[in-house]
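Chemist: this one's sequence-less:
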């Protein structure tokens, strides 16, 4: 069961109702800016984690005057589409409401659980903006991975070194996953599956998930390549990094 820290109390709460009723995830972001992108990304991870656990989810964006720009940036980052916040209150009968907000956000406090996201910045800004430009060949998943590297409760400074590291990791993982896919499929070892679930059900600890993948990558021959492939494909249902994108490509 996914448990997440409520920013209003500092205590963990269950992110999904006991009977798997509808959960609304509302991203409250203003921007454009890296902090707003981080809020959207955390909301997307939350939606994915809840769906993996079998909870029906309704994702909503409250983006203010820049909502169109935020929706475009979210789409570029691989964030699943949000519904319009104006549809809130139409009687869908939510059993739980989760608000994903930037730390220190002003305005009236909405009812429901508040999930705080620490600020993010980057200098110079042209390191980030090209990755979200449809006319630019840069891979937006590089930015997504860079934003996932730190816990959402920790401030993040995005610079060229962090983006280069994310790009190198993403290229290597996609290339390796494509090689592993050529071998017969094998089940994910129970201990590795348990580590992945434990990480994302413990306050969406994405950095811990990335460490599990690094451990699988570095494992010895006792871990079959088919099992490594299934592990990465399974984790990517949450991460959304398109780790299987290069399947079938030349070695």
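Modeler: Ah, there it is. Bear in mind that the values here come from a model prediction, so they are computed numbers and not experimental data. Residues are numbered from 1 along each chain as shown.

Chemist: C-alpha from now on. contacts and neighbour counts both.
Modeler: Will do.

Chemist: Check the contact between residue 35 and residue 105; I expect there is one.
Modeler: No. With contact defined as Cα atoms under 8 Å, residue 35 does not count as touching residue 105 (10.9 Å).

Chemist: quick one: the helices in the stretch 51-200 of the chain?
Modeler: 67-76, 140-148, 160-180, 190-201 (DSSP state H, counting those that start in this stretch).

Chemist: Point out the other helices and strands that the first one packs with.
Modeler: Read that as helix 67-76. Judged by 3 or more Cα pairs under 8 Å, 6 or more residues apart in numbering; DSSP states H and E, helix 67-76 is in contact with helix 34-52.

Chemist: buried set for the helix it packs on?
Modeler: 34-50 (16 or more other Cα atoms under 10 Å).

Chemist: returning to what we had before: between the helices of the stretch 51-200 of the chain, which gets nearest to residue 115?
Modeler: helix 190-201 (14.3 Å; Cα to Cα).

Chemist: what element comes up after the closest one heading to the C-terminus?
Modeler: helix 206-218 (DSSP states H and E).

Chemist: quick one, that following helix and helix 34-52 angle?
Modeler: Helix 206-218 and helix 34-52 are oriented at 70 degrees to each other (axes from the mean of the first three to the mean of the last three Cα atoms, to 10 degrees).

Chemist: Return the angle between stretch directions for the helix or strand that helix 206-218 is followed by and helix 206-218.
Modeler: Per DSSP H and E, helix 206-218 leads on to helix 225-239 as the next helix or strand towards the C-terminus. Going by the same axes, to 10 degrees, helix 225-239 is angled at 160 degrees with respect to helix 206-218.

Chemist: Does anything pack onto helix 225-239? Which helices or strands?
Modeler: Helix 225-239 packs on helix 34-52, helix 160-180, helix 190-201, helix 206-218, going by 3+ Cα pairs under 8 Å, 6+ apart.

Chemist: From residue 213, how far off is residue 121?
Modeler: Separation of residue 121 from residue 213 (Cα to Cα, to the nearest Å): 26 Å.

Chemist: Over to residue 104?
Modeler: Distance from residue 104 to residue 213, by Cα to Cα: 33 Å.

Chemist: Between these two, which has more neighbouring residues?
Modeler: More crowded of residue 104 and residue 213, by other Cα atoms under 10 Å: residue 213, with 19 against 10.

Chemist: what sits against the more buried one?
Modeler: 231-232 (Cα atoms under 8 Å, 6 or more residues apart in numbering).

Chemist: Among the helices and strands packed on helix 225-239, which comes closest to residue 1?
Modeler: Closest to residue 1 of these, according to Cα to Cα: helix 190-201, at 6.1 Å.

Chemist: who does that closest one touch, helix- and strand-wise?
Modeler: In terms of contacts (3+ Cα pairs under 8 Å, 6+ apart), helix 190-201 is packed against helix 206-218, helix 225-239.

Chemist: pLDDT of the first one, averaged?
Modeler: Confidence for helix 206-218, expressed as mean pLDDT, is 97.

Chemist: Out of the helices and strands packed on helix 190-201, which is the most enclosed?
Modeler: Mean neighbours per residue, mean count of other Cα atoms under 10 Å, is largest over the helices and strands packed on helix 190-201 for helix 225-239, with a mean of 20.

Chemist: For it, give the mean pLDDT please.
Modeler: On average, helix 225-239 scores 97.

Chemist: In this structure residue 22 contacts residue 54, no?
Modeler: No. Using Cα under 8 Å, residue 22 is not in contact with residue 54; the gap is 10.4 Å.

Chemist: Which one of the two is surrounded by more residues?
Modeler: Legend: neighbour count by other Cα under 10 Å for residue 22 and residue 54, higher for residue 22 (18 against 12).

Chemist: For that one, which residues are in contact?
Modeler: With the criterion set at Cα under 8 Å, 6+ apart, residue 22 makes contact with 55-58, 93-96.
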